[in-house]
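[1] fold the stuff below for me.
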Amino acid sequence: MKPHELTAAQQLKALNAKEISSRELTGHYLDRIERHAGLGAFVTINENALDEAAEADERLARGERATLVGLPLGIKDLATTAGIRTTFGSAALAEFVPPEDSWTVGLLRRAGAIVLGKTNTSEFGATCYTENDVAPPAVTPYAPTRYSSGSSGGAATAVAAGLSPVAHASDGAGSIRTPAATCHLVGMKPSRGLVSPAPATSFLSASTEGPIARTVEDAALLLDVMASAAPGDLYGWHRTRPFGDPLDRRLKIALWTDTGLDQDVDPQSELAVRRTADLLAELGHEIVEIPLPARYDEPVSRAILTWFAYQVGAVTRLMVPPERIHLLRPYTRHLLDVNETLSANDIVTAQAHLARYAGTFLSKVSDYDVVLTPTTNGAPVPIGHYTGDEADLMLKWSCHTPWANLAGVPAISLPSHVDDEGLPHGVHLVGRDRHDAELLALAAQLESAQLWTQLHPPSWHE
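    Residues are numbered from 1 along each chain as shown. So this is what the prediction gives:
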């Protein structure tokens, strides 16, 4: 068996048993990253990865048992990494090398993880496809002419193709879950505050970091390390035990497939949900189909654009020198232009609309433990799909995920099936606030019944 065929949990056991060295494992992944560079998974490689792996081997030889010692992984290029180029997916920051790690990257490194490099992302995380001016587009290894979504597209591509055992990612409207769906993977967006947003703070903290993995166990393993509050966190909270306990009760699960827009649900997305609902019923859970709690009316759609323009515009102005603004991609410049027209009243009004929208969902699903929907409305889309009104096209495809970000509740995308064209489809499970462990336990139950980890794209075997 080749090293990348082991799960992350199995690799850690092999490292601790001295059956493989971290240097051997890291070298194996670096070779695979170079061989499959055309998939667009990585933007930058950590030139010190092998040296860091050698240091991890010394720690293992001394008997250290930190959670991730010796395990290589990719870090999304929106998170700063000390001494490793961090572009934020932008040619305007193509030479930026930060002096320190972000909070979450620091946690992963202190746990012993080896940073392979930076995984590809859309510019400032603004789009649900991963295409920028610093690396090739990130594509799904199941169909290399199609995007692996975004903004964590590179992370999903890397894990699916066997270029990283697990990957760090982040999610502001679906950016972990939709890439996981396009690559037949597990992608977990935690509850608001479980993973610290430090050093940023926000009263409307829609974005969070989380894991992309092949198995639920691996996702939980990475999330255990990432879930540590920083001093001053507005929403920080502490768990009493690690993730991984089995599900011990029957759940009441709401289901809908309505897109919330003037479009029908994709037939394969519908099939994904129906198959999963049938399986959940067989496992003893109660399934109740309910109407979509709230639609994307004009005020909500406008509020989403306003909020993205406000966030992306603020980050762009902070990070990009004026003389390099011309290097931004057209959609980022569009958001920057919108940002410059916004008044304080526009921003507060958008927040109010989004809070109302999220609150409607929470009130309508309060009697249920979990919600089941499609992850995306359709298969991975071809490169070049997003021309014209990008905001409208992106929302039509990724319409099922944003409400969980706004509500701050945990959500996970799980593999469902690969269709007759070989394209992956995922299902979206949303839990109650701070019931991340229960959601992971349900996911593990589904994984045991479906055995989705046995399916891989062609590049896996190359």
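
[2] list the contacts for the one residue sitting closest to the centre of the chain?
    Nearest to the mean C-alpha position of the chain, by Cα atoms, centre = their mean, lies I176 at 1.7 Å. Shown in contact with I176 (Cβ atoms under 8 Å, 6 or more residues apart in numbering): S152, A155, A169, S170, G187, M188, K189, G210, P211, I212, S413. Heads up, the C-betas are built off the backbone N, CA and C, glycines and all.

[3] run through the stretch 201-350 of the chain and note the low-pLDDT ranges.
    Within the stretch 201-350 of the chain, the ranges that satisfy pLDDT under 70 run 201-204.

[4] strands of the chain, residue ranges please.
    42-45, 72-76, 114-119, 166-171, 186-189, 208-213, 252-255, 286-289, 370-374, 411-418, 424-431 (DSSP state E).

[5] what's the burial count for L429?
    L429: 26 surrounding residues under other Cβ atoms under 10 Å.

[6] repeat that for P136.
    P136 has 18 neighbours, counted by other Cβ under 10 Å.

[7] what does D248 give?
    7.

[8] do the same with the one 4 residues further on
    The criterion is other Cβ under 10 Å. On that basis, K252 has 12 neighbouring residues.

[9] returning to what we had before: which among the strands of the chain is found nearest to A303?
    Closest to A303 of these, according to Cβ to Cβ: strand 166-171, at 18.8 Å.

[10] what's the closest one in contact with?
    Contacts with strand 166-171, where a contact means Cβ under 8 Å, 6+ apart, come from 8, 71, 73-76, 78-79, 104-105, 108, 119, 125, 151-152, 155-156, 158-159, 175-177, 179, 187, 189, 207-214, 218-219, 221-222, 226, 405.

[11] let's see 6 Å
    Identification of contacts with strand 166-171 by Cβ atoms under 6 Å, 6 or more residues apart in numbering yields 8, 73-76, 78, 119, 152, 155, 158-159, 176, 189, 209, 211-213, 218, 222.

[12] then stretch 391-407?
    128, 173-174, 177-178, 206, 259-261, 263, 305, 354, 358, 361-362, 373-374, 376-377, 386, 411, 428, 430.

[13] of those, select the buried ones using a ChimeraX command.
    This is how ChimeraX selects the buried members of those, with burial counted by 16 or more other Cβ atoms under 10 Å:
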select :128,173,174,177,178,206,259,260,305,354,358,361,362,373,374,376,377,386,411,428,430
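
[14] I'd say A272 and S416 touch.
    Yes - counting by Cβ atoms under 6 Å, A272 touches S416, with 3.6 Å between them.

[15] quick one, helices of the stretch 151-300 of the chain?
    Assigned helices in the stretch 151-300 of the chain, in chain order: 153-160, 177-182, 216-226, 267-282, 298-319 (criterion: DSSP state H, counting those that start in this stretch).

[16] can you redo these as CSV with distance to A92?
    Output for the helices of the stretch 151-300 of the chain, formatted as CSV (distance: least, Cβ to Cβ, whole Å):
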stretch, distance to A92
helix 153-160, 18
helix 177-182, 23
helix 216-226, 28
helix 267-282, 36
helix 298-319, 8
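
[17] out of those, nearest to A54?
    Closest of those to A54 is helix 216-226, at 21.5 Å (criterion: Cβ to Cβ).

[18] next, the buried residues of that closest one.
    Within helix 216-226, the residues that count as buried by 16+ other Cβ under 10 Å are V216, E217, D218, A219, A220, L221, L222, L223, D224, V225, M226.

[19] so what's the residue count around P242?
    14.

[20] separation between it and L455?
    Distance of P242 to L455, given as Cβ to Cβ, to the nearest Å: 28 Å.

[21] same check, this time on A350
    Relative to L455, and taking Cβ to Cβ, A350 is found at 41 Å.

[22] swap in Q11?
    Remark: distance between Q11 and L455 (Cβ to Cβ) = 20 Å.

[23] comparing these two, which residue is more hemmed in?
    Q11 (24 against 14).

[24] give the contact list for that one.
    P165.

[25] what's the distance between it and P211?
    Q11 sits 15 Å away from P211, going by Cβ to Cβ.

[26] again, but for P141
    Taken as Cβ to Cβ, the span from P141 to P211 is 19 Å.

[27] of those two, who's got more company?
    P211 (31 against 27).

[28] with adjacent residues omitted, what lies nearest to the more buried one?
    Distances taken as Cβ to Cβ, 6 or more residues apart in numbering place L222 nearest to P211, at 3.8 Å, with adjacent residues excluded.

[29] does the one you found touch G210 like I think?
    No - between L222 and G210 there is no contact under Cβ under 6 Å: 8.2 Å.

[30] nearest spatial neighbour of L108, skipping sequence neighbours?
    Looking at L108 with Cβ to Cβ, 6+ apart, the closest residue is V225, at 5.9 Å.

[31] W103 and S196 touch, don't they?
    Yes - shown here, W103 and S196 form a contact pair, counting by Cβ under 6 Å, at 5.2 Å.

[32] who has more neighbours, the two?
    When neighbours are counted by other Cβ under 10 Å, S196 comes out ahead of the other of W103 and S196, with 25 against 21.

[33] so how far is A404 from the more buried one?
    Distance, S196 to A404, by Cβ to Cβ: 19 Å.

[34] ok, now which ones touch P415?
    Contacts of P415 (Cβ under 6 Å, 6+ apart): H184, G426, W452.

[35] partners of it in the sheet?
    For P415, the beta-bridge partners under DSSP bridges are G426.
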